[in-house]
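Asks: pasting the sequence and the predicted coordinates here, then a few questions.
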Amino acid sequence: MSAPIIEHEFSRGVKVVDIGDLRVARGLTRREHTTCKHAKLVYDTSERRVWCKDCETDVEPFDAFTSLVERFYAFENRISRLREIEAETLHSRAAKALDKEFRSRTMTPCCPHCHRGILAEDVVNGVSSMSRELELRRRSKT
């Protein structure tokens, strides 16, 4: 920890404003917080204390807990974003595979259910569609 604040006596009275007093008057602490983000916390079970490996200062247990919670939420958000990206790439990979087959001059993609060929002329004017949920239910019954 840093050294305590030493109050100075001035020969002509106090003409210098102490910034620490202004901070306390505004509801802040006398000293500013450290710039260390306490990213590398060490949980010492034998001494029952939490300290930062970077700045080697003790960290309040509540602050250590909030940093754990923030990291947990960040990981949850990252996992959900990755799942969304994975779902999007599934559609783009399927479209890319179909496009590759349609570009071939000698081969054509076939329907995965009836195994008949799908020609580009079949889908040029649009295709009919149905509910994804209904199709999944129909497939699960068979």
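Replies: Received it, and whenever you're ready, just let me know what you need.
Asks: what packs against the host helix or strand of Phe62?
Replies: Phe62 belongs to helix 61-103 when assigned by DSSP states H and E. If you count contacts as 3 or more C-beta pairs under 8 Å, 6 or more residues apart in numbering; DSSP states H and E, helix 61-103 packs onto strand 41-44. Bear in mind the C-beta positions are built from the backbone N, C-alpha and C, glycine included.
Asks: which residues touch the strand it packs on?
Replies: With C-beta atoms under 8 Å, 6 or more residues apart in numbering as the contact definition, strand 41-44 has outside contacts at Val50, Trp51, Cys52, Lys53, Val59, Ala64, Ser67.
Asks: count the neighbours of the fifth one for me.
Replies: Read that as Val59. Close neighbours of Val59, defined as other C-beta atoms under 10 Å, add up to 19.
Asks: surely it is in contact with Lys53?
Replies: No - when contacts are counted by C-beta atoms under 8 Å, Val59 is not listed as touching Lys53 (10.3 Å).
Asks: could you look up the next helix or strand downstream of the helix holding Phe62?
Replies: Downstream of helix 61-103 (by DSSP H and E), the next one is helix 120-123.
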